[in-house]
Structures are given as structure tokens and as C-alpha cells.
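Trainee: Quick one, what's the 3D model for this:
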Amino acid sequence: MPHENFNREIGNFKRQRYTVEGTLFEGSDDEWNAYIAAHLPTAQDEEDLKELFKQQWVAEKPMTARQIASGIGASA
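Mentor: Presented below is the predicted three-dimensional model:
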């Protein structure tokens, strides 16, 4: 998991440059762009994830009587 300061778009650290470890990045714009490219998902990564999410990784199992009684998963 990256540090909470990394690649922020909101809050006190928005649009500031921090590494995934949470330290202030002090390089040039080109160095920052290379750093981001190395640490954020690529377009190919996003496409690969779409394929993974299509698969059923969690086995379906029947709801327990307690879940049914409580209404949990009633729309499932």
C-alpha cells in the first residue's frame, strides 16, 4: 500500500509530490513523471484487471438462516 500522501487529489497533500513511502519527492518534472509511470497502473494493467474481475474468484455459497432472517443479501 502506498503512503496516504502519495498521488493525492484532495486534502492537505493534494498535487504535492510524495513517494509511495511518504517522503517528499524532490526531483525534476521528468523524474516525477518517470516515477509515477513506474508506480501507477498502466493501460495494459487496467485491461488485465477487467479480465480478472469478470472471473468468479469467490465461490457462491448459500446464505445462512441468520443472514436470511436479518435481510443481509436479500437482493442477491
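Trainee: which stretches of this structure have low pLDDT?
Mentor: For the chain, the stretches with pLDDT under 70 are 73-76.
Trainee: so what's the nearest residue to Ile36 once chain neighbours are set aside up against?
Mentor: Distances taken as Cβ to Cβ, 6 or more residues apart in numbering place Asn7 nearest to Ile36, at 7.3 Å, with adjacent residues excluded. To be clear about C-beta, it is placed using only N, CA and C from the backbone, and glycine gets the same treatment. By Cβ atoms under 8 Å, 6 or more residues apart in numbering, the residues touching Asn7 are 18, 36, 40.
Trainee: which of those residues count as buried?
Mentor: Tyr18 (16 or more other Cβ atoms under 10 Å).
Trainee: Reformat the contacts of Asn7 as CSV; add secondary structure and distance to Leu49.
Mentor: Formatted as CSV, the contacts of Asn7 follow (DSSP: H, G, I helix; E, B strand; the rest coil; distance: Cβ to Cβ, whole Å):
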residue, secondary structure, distance to Leu49
Tyr18, strand, 24
Ile36, helix, 18
Leu40, coil, 13
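Trainee: Next up, phi/psi of the residue nearest to Ile36, please.
Mentor: Here is the backbone geometry of Asn7 (degrees, to the nearest 10): phi 60, psi 40.
Trainee: Can you tell me how far it is from Val58?
Mentor: Per Cβ to Cβ, to the nearest Å, Asn7 is found 29 Å from Val58.
Trainee: re earlier: rebuild the contacts of Asn7 as JSON lines, extending it with distance to Gly11.
Mentor: Converted to JSON lines, the contacts of Asn7 look like this (distance: Cβ to Cβ, whole Å):
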{"residue": "Tyr18", "distance to Gly11": "12"}
{"residue": "Ile36", "distance to Gly11": "18"}
{"residue": "Leu40", "distance to Gly11": "19"}
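Trainee: mind listing what Pro2 touches?
Mentor: Counting by Cβ under 8 Å, 6+ apart, Pro2 makes contact with 20, 39.
Trainee: Could you confirm it falls within a helix?
Mentor: No - according to DSSP: H, G, I helix; E, B strand; the rest coil, Pro2 belongs to no helix; its state is coil.
Trainee: Distance of it relative to Gln56?
Mentor: Distance from Pro2 to Gln56, by Cβ to Cβ: 29 Å.
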